[in-house]
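# got a predicted structure plus its sequence, pasted below:
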Amino acid sequence: MNCPHCQAALTEEVAACPKCQFNYTDLGGVFGEMPTLKGALSDMPRVLSMREASKVRALLRRFDRQFPQLSFNLLLTTVPSTEPLAKYAFWIFNGPELCSHLHKGGLNFHLLLVIDIEYDRANLSVGYGLEPFLSDEDLHSMLGVASTNIEKKAYGDAIPEIMAKAAEVLHERAEAIPQVYGLRRKRRSNEL
Ligand SMILES: [Zn+2]
């Protein structure tokens, strides 16, 4: 995870960035009270219809089955500031709701999708445990597939697009892992 202020890589959970001293616990002063997440899908402004919300919940359950080690959280909200959404997402991600002490550092396999319906923008953040597998470009490509629908405020279409792209990229990475670690069995000449 990078410092949302100076982009320095943060290697562990710290209250302030060691490089620029940016303190994310102060962000309450900018963003107000931290929203209480309501399970995997938190639609604070209630912009999803009941049908859309149940479709998204079904997709989140499917994601859980496909990637049992990961956890996907989705927050639709109204951000009360034009500060970069990355700062807001960082604040939520490192807040008490999402990051329990059990999931510190490399054991954090969360994905957090924040959609700000006030300024039509989205951010996708991943925990330290997923960073070796997903680059910033990957995260941008996952969001990019939905940029038109986010601009149109068609969140019921945008969210499934992002989740499908995320699942596609994660599958690609998962399939590459045995090769990365040299675990793929080599075919030997004496084998049938
Ligand atoms: Zn910094």
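Cool, the structure landed.
# let me see the ranges of the strands in this structure.
Secondary structure of the chain (DSSP state E): strands at 41-43, 71-77, 110-116, 121-126.
# for the ion, see how far away residue 7 is.
Using CB to the ion, to the nearest Å, residue 7 is found at 7 Å from the ion. (C-beta placed from N, C-alpha, C; glycine too.)
# kindly report the same for residue 155.
Between residue 155 and the ion the computed distance is 31 Å (CB to the ion).
# pretty sure that residue contacts residue 115?
Yes. If you go by CB atoms under 8 Å, residue 155 and residue 115 touch, sitting 6.3 Å apart.
# who touches both of the two?
Listed as contacting both residue 155 and residue 115 by CB atoms under 8 Å, 6 or more residues apart in numbering are residue 76.
# which residue packs closest to residue 83, ignoring adjacent ones?
residue 30 (5.7 Å; CB to CB, 6 or more residues apart in numbering).
# swap that for residue 121, please
residue 85 (5.1 Å).
# for that neighbour, grab the count of nearby residues.
As a burial measure, residue 85 scores 19 neighbours (other CB atoms under 10 Å).
# distance check, residue 80 against the ion.
For residue 80, the distance to the ion (CB to the ion) stands at 23 Å.
# repeat that for residue 87.
11 Å.
# surely the residue nearest to residue 121 meets residue 79?
Yes. Using CB under 8 Å, residue 85 makes contact with residue 79 at a distance of 6.6 Å.
# contacts only, for residue 155.
Contact partners of residue 155, counting by CB under 8 Å, 6+ apart, are 47-48, 52, 76, 115, 117, 149.
# surely residue 161 touches residue 149?
Yes. Using CB under 8 Å, residue 161 is in contact with residue 149, at 6.5 Å.
# who in the protein is up against the ion?
3, 5-6, 8, 17, 19-20, 22 (CB under 5 Å from the ion).
# before we move on, the earlier item: anything in contact with each of residue 85 and residue 79?
Between them, residue 85 and residue 79 share these contacting residues under CB under 8 Å, 6+ apart: 116, 119.
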